[in-house]
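J.: this is the structure alone, sequence omitted:
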């Protein structure tokens, strides 16, 4: 009798496993089917004339951005955005887990774009096929490109969208800021926005952090305000304006900086001539500079994910150096 009972137990176990493994396989398969991978890359040429009148030509490659999204359940989603740079290094732009209670309440954690203004929350950093210009506004560019504000950070964010008929939304984030990850001091950012009509959005954001070693050797408080308006996605006209003001202060030091950025484009079939203007601050060769630059550009869309851009930029910094640049960029998504 004992061998008979033993064989019965084995048969039940095999039957259970036969049911379990197909179920797990189908579950894993459904997750894979909900995972999407996109690639973005770009190549370009830049010629710069410095204050001495000499031209410096340079060919450029933007590396490859990999955008991975997955809908794990009805409420849980993932996003990863690693970038394989042309110099052989790898950077992680974003890596976030999101839990959606509803349209009004979502919780995201990981490496996120900071909710400053509208430009930084609308356009991907390295997916140049989706951006209207070659470069982002200087203040929210990457640090290695002369940016000053944190355009991404490790932290947690609560968000909501499409609230009331005005399509009100909000983002509230706590991140490490300019501090070491183990610092008790964190950066706090709140962004509120609305879209009263299709494609027209307005936003206001405030941020505050305490930090040591940023512009001053002692612990300082850095407060920021950003106001933004944007009209993108309409039939012809494209408009964007962002204003930033930052105030860094401590017991012996206080300084206020202002930044203005404006963009205007007009779509004519596949062509979009545009201009953008920046006046404010940027970091160049480790030096904090006041700068003004105006850019004339032309964008041509072969397809929605294949874009050719031409720009002529005129730059003047606070040391009276005047620089002219001509840029070409071909950006593709696939």
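T.: Ah, there it is. Quick caveat, the model's predicted, so the values are computed rather than measured.
J.: where does the stretch 101-250 of the chain have low pLDDT?
T.: Along the stretch 101-250 of the chain, the model assigns pLDDT under 70 to residues 215-216.
J.: now do the strands in it.
T.: Ranges of strands within the stretch 101-250 of the chain are 106-113, 152-163, 168-175, 187-197, 200-212, 219-231, 237-249, based on DSSP state E, counting those that start in this stretch.
J.: now these in a markdown table, with mean neighbour count?
T.: Placement of C-beta: from N, CA and C, glycine included. Shown next, in a markdown table, are the strands of the stretch 101-250 of the chain (neighbours: other C-beta atoms under 10 Å):
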| stretch | mean neighbour count |
| --- | --- |
| strand 106-113 | 18 |
| strand 152-163 | 17 |
| strand 168-175 | 20 |
| strand 187-197 | 18 |
| strand 200-212 | 19 |
| strand 219-231 | 19 |
| strand 237-249 | 18 |
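J.: just so I have it, where are all the helices in the protein?
T.: Counting by DSSP state H, the chain has these helices, from start to end: 2-33, 119-122.
J.: worst average pLDDT in those helices?
T.: Comparing mean pLDDT across the helices of the chain, the lowest value falls on helix 2-33: a mean of 52.
J.: picking that back up, nearest to residue 45, of the strands of the stretch 101-250 of the chain?
T.: Comparison of the strands of the stretch 101-250 of the chain against residue 45 by C-beta to C-beta identifies strand 237-249 as nearest, at 24.6 Å.
J.: gap between that closest one and the chain center?
T.: Distance of strand 237-249 from the chain centroid (C-alpha atoms, centre = their mean, to the nearest Å) equals 16 Å.
J.: what lines up beside it in the sheet?
T.: Each strand pairing with strand 237-249, determined using DSSP bridges, is listed with its direction: strand 219-231 (antiparallel), strand 254-266 (antiparallel).
J.: would you check that residue 163 makes contact with residue 169?
T.: Yes - using C-beta atoms under 8 Å, residue 163 makes contact with residue 169 at a distance of 6.5 Å.
J.: okay, and the beta partners of residue 264?
T.: Counting by DSSP bridges, residue 264 forms beta bridges with residue 239, residue 275.
J.: contact partners for it?
T.: Contacts of residue 264 were listed using C-beta atoms under 8 Å, 6 or more residues apart in numbering, and they are 237-239, 274-276.
J.: between these, which is closest to residue 90?
T.: Distance from residue 90 was checked for each of the contacts of residue 264 by C-beta to C-beta. The minimum falls on residue 276, at 30.2 Å.
J.: how far away is the closest one from residue 303?
T.: Note on residue 276: its distance to residue 303, by C-beta to C-beta, to the nearest Å, is 24 Å.
J.: what of residue 42?
T.: Taking C-beta to C-beta as the measure, residue 42 falls 15 Å from residue 303.
J.: same question, residue 48
T.: According to C-beta to C-beta, residue 48 stands 30 Å off from residue 303.
J.: same check on residue 89?
T.: From residue 89 over to residue 303 the distance is 30 Å, taken as C-beta to C-beta.
J.: with residue 181 instead?
T.: 41 Å.
J.: ok, what's across the strand from residue 76?
T.: If you apply DSSP bridges, the partners that residue 76 bridges to are residue 99.
J.: burial measure for it, as a count.
T.: 12 (other C-beta atoms under 10 Å).
J.: so what's it up against?
T.: Each residue near residue 76 by C-beta under 8 Å, 6+ apart is listed here: 97-100.
J.: just the buried subset of the residues you listed, please.
T.: 98, 100 (16 or more other C-beta atoms under 10 Å).
J.: quick check: closest non-adjacent residue to residue 55.
T.: Sequence neighbours aside, residue 49 is the residue nearest to residue 55 in space, at 5.1 Å (criterion: C-beta to C-beta, 6 or more residues apart in numbering).
J.: that older thread, can you redo the strands paired with strand 237-249 as TSV with distance to residue 315?
T.: Rendered in TSV, the data for the strands paired with strand 237-249 read as follows (distance: least, C-beta to C-beta, whole Å):
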stretch	distance to residue 315
strand 219-231	23
strand 254-266	14
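J.: between the ones you listed, which gets nearest to residue 125?
T.: It is, among these and with distance given as C-beta to C-beta, strand 254-266, at 16.1 Å.
J.: pull out the buried residues from that closest one.
T.: 257, 259-263, 265.
J.: on that earlier part again, between residue 42 and residue 303, who's got more neighbours?
T.: A direct count of neighbours by other C-beta under 10 Å for residue 42 and residue 303 places residue 42 higher, at 23 against 10.
J.: would you confirm that that one contacts residue 62?
T.: Yes - using C-beta under 8 Å, residue 42 is in contact with residue 62, at 3.8 Å.
J.: on that earlier part again, nearest to residue 123, of the strands paired with strand 237-249?
T.: Comparison of those against residue 123 by C-beta to C-beta identifies strand 219-231 as nearest, at 10.2 Å.
J.: who's in contact with that closest one?
T.: With C-beta under 8 Å, 6+ apart as the test, strand 219-231 has contacts from 116-119, 122, 149, 178, 185, 191, 199-212, 214, 237-250, 253.
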